[in-house]
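> 3D, please:
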Amino acid sequence: MEMQEADLGRAAWALWPALAAQMGEDPGAWRAVPLARREDARVATVLLRLDGPDGRVLVLKHQRRPEEGFAEAMSAHLEAMEIYPQGVPALHALDVDARACVMDLAPGQPLSVMLEGAPPEVQAGLLRRAGAWLDGYHRATLGEARVFQPKFTLRYLDTVRGEVLEGAREVAQKERFLACIETIFSAAARYEGRQTMTARTHGDLHLRNLLLDRAGCLGIDFAAGRVVPVGHDIARLLADYAILHAPQERIARGEVLPDFARKAFFEGYTLVGPDDPSVGLLLRNRVLAEWWGLPARAEARSAAQARRFVQLMPLAERVFG
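Purely as a prediction, here's the structure:
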């Protein structure tokens, strides 16, 4: 194997013989090339593309950091694969102790890549397909109809507000941030006493964790979500879209999404509609969560975080006024 990514790539390749044995494969019959890599203070993960006999293609994932969470994520993937096989890449081998696995190489590109620079009509089609995938996943993991209770989100927001006021948590543009929190508290009654649906969530459903090609859509990197209101997954995905790709000039005051994007997504996702209370509250809460999740000081932000912050601020202005 020829590879530039020395240590992490070699460590992944060294795990291949044992993983191949689980699959009944000859490890020497496969060739590996680097596919993707992320390494920073918190995360060290590498993906190798494996090309084997008869044109078969797999991907080997090795996670050095973080050390926790891998077993839970693999358990979530296996569960999703069992109940929603058409929407999840098949997992073929697993070594929890080494934090490594082998699965089908999902065809296509991340939704984030396909949305980049796309005109609204193309974005609408992509969001419709993403909605259909999530609708299928939630129906496969369905919980129950439940009266939505905003108090849990509001309690956490109140904790965040207290930490910001006390200086225990730093956020950029502190006074503006606190004013935005107040608008959620003042509007909380509109989400009370209304029914939503629950399902087991993906747990980390951002735009890079949906892969689309001409034939379909696959979800990856499940994070062992809980059975909670479906708005949690929807808000995570659509807030990511609103910040990074939505034409913000088409977002009405008080809304998170352009009308065309909301309509398209909920043409694909029909388990609940755009007026669902968990969607309404959690979308707005997610905009704030993205805000407090970014470094308060500009010099501490990575290039990706800087881009996110620049695009988040005008969105927050539209959402909260």
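
> dump the helix or strand bottoming out on mean pLDDT in the chain to CSV, restricted to CA.
The helix or strand with the lowest mean pLDDT-type score in the chain, counting by mean pLDDT, DSSP states H and E, is strand 31-39 (a mean of 91). Taking only C-alpha atoms (Å, rounded to 0.1, in the frame of the first residue of the first chain), the coordinates of strand 31-39 have been written out as CSV:
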residue,chain,number,x,y,z
ARG,A,31,-5.3,-3.1,-2.2
ALA,A,32,-5.7,0.0,0.1
VAL,A,33,-5.6,3.7,-0.7
PRO,A,34,-6.3,6.6,1.5
LEU,A,35,-9.9,7.8,1.3
ALA,A,36,-10.3,10.4,4.1
ARG,A,37,-8.6,11.5,7.2
ARG,A,38,-9.3,13.9,10.1
GLU,A,39,-6.7,14.5,12.8
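
> what's the next secondary structure element after it?
Read in the C-terminal direction, the helix or strand following strand 31-39 is strand 44-51, with elements assigned using DSSP states H and E.

> which residues of the stretch 51-200 of the chain fall in helices?
Here the stretch 51-200 of the chain has its helices, by DSSP state H, counting those that start in this stretch, at 70-83, 111-115, 120-140, 151-166, 174-186.

> what residues sit buried inside the third one?
I take that to be helix 120-140. 123-124, 126-138, 140 (16 or more other CB atoms under 10 Å). Every residue, glycine included, has its C-beta placed from N, CA and C.

> over that helix, what's the mean pLDDT, rounded is fine.
Predicted confidence along helix 120-140 averages 98 (mean pLDDT).

> okay, the angle between that helix and helix 70-83?
Counting by axes from the mean of the first three to the mean of the last three CA atoms, to 10 degrees, helix 120-140 points 90 degrees away from the direction of helix 70-83.

> how about residues contacting helix 120-140?
Residues from elsewhere that reach helix 120-140, judged by CB atoms under 8 Å, 6 or more residues apart in numbering: 80, 83-84, 86-87, 111, 114-115, 118, 197, 199, 202, 205, 210, 212, 217-219, 230, 233-234, 237, 241, 245-247, 250, 258, 260-261, 263-271.

> the residues you listed, buried ones only, as a ChimeraX selection?
The following ChimeraX line selects those of those that are buried, judged by 16+ other CB under 10 Å:
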select :80,84,87,111,114,115,197,199,202,205,210,212,217,218,219,230,233,234,237,241,245,246,258,260,261,264,265,266,268,269,271
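
> looking at the contacts of helix 120-140, which are in helices?
Per DSSP state H, helices hold the following members of the contacts of helix 120-140: 80, 83, 111, 114-115, 233-234, 237, 241, 260-261, 263-268.

> what pLDDT, on average, does stretch 299-319 get?
For stretch 299-319, the per-residue pLDDT values average out at 96.

> check which residues of that stretch are buried.
For stretch 299-319, the buried set under the neighbour-count rule, 16+ other CB under 10 Å, comprises 301, 308-309, 311-312, 315-316, 318-319.

> let's see which of the residues you listed end up in helices.
Checked against DSSP H, the buried residues of stretch 299-319 include these in helices: 308-309, 311-312, 315-316, 318-319.

> that older thread, a markdown table please, covering the helices of the stretch 51-200 of the chain and showing distance to Cys101.
Putting the helices of the stretch 51-200 of the chain into a markdown table (distance: least, CB to CB, whole Å) gives the following:
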| stretch | distance to Cys101 |
| --- | --- |
| helix 70-83 | 6 |
| helix 111-115 | 22 |
| helix 120-140 | 20 |
| helix 151-166 | 33 |
| helix 174-186 | 39 |
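
> done for today, thanks.
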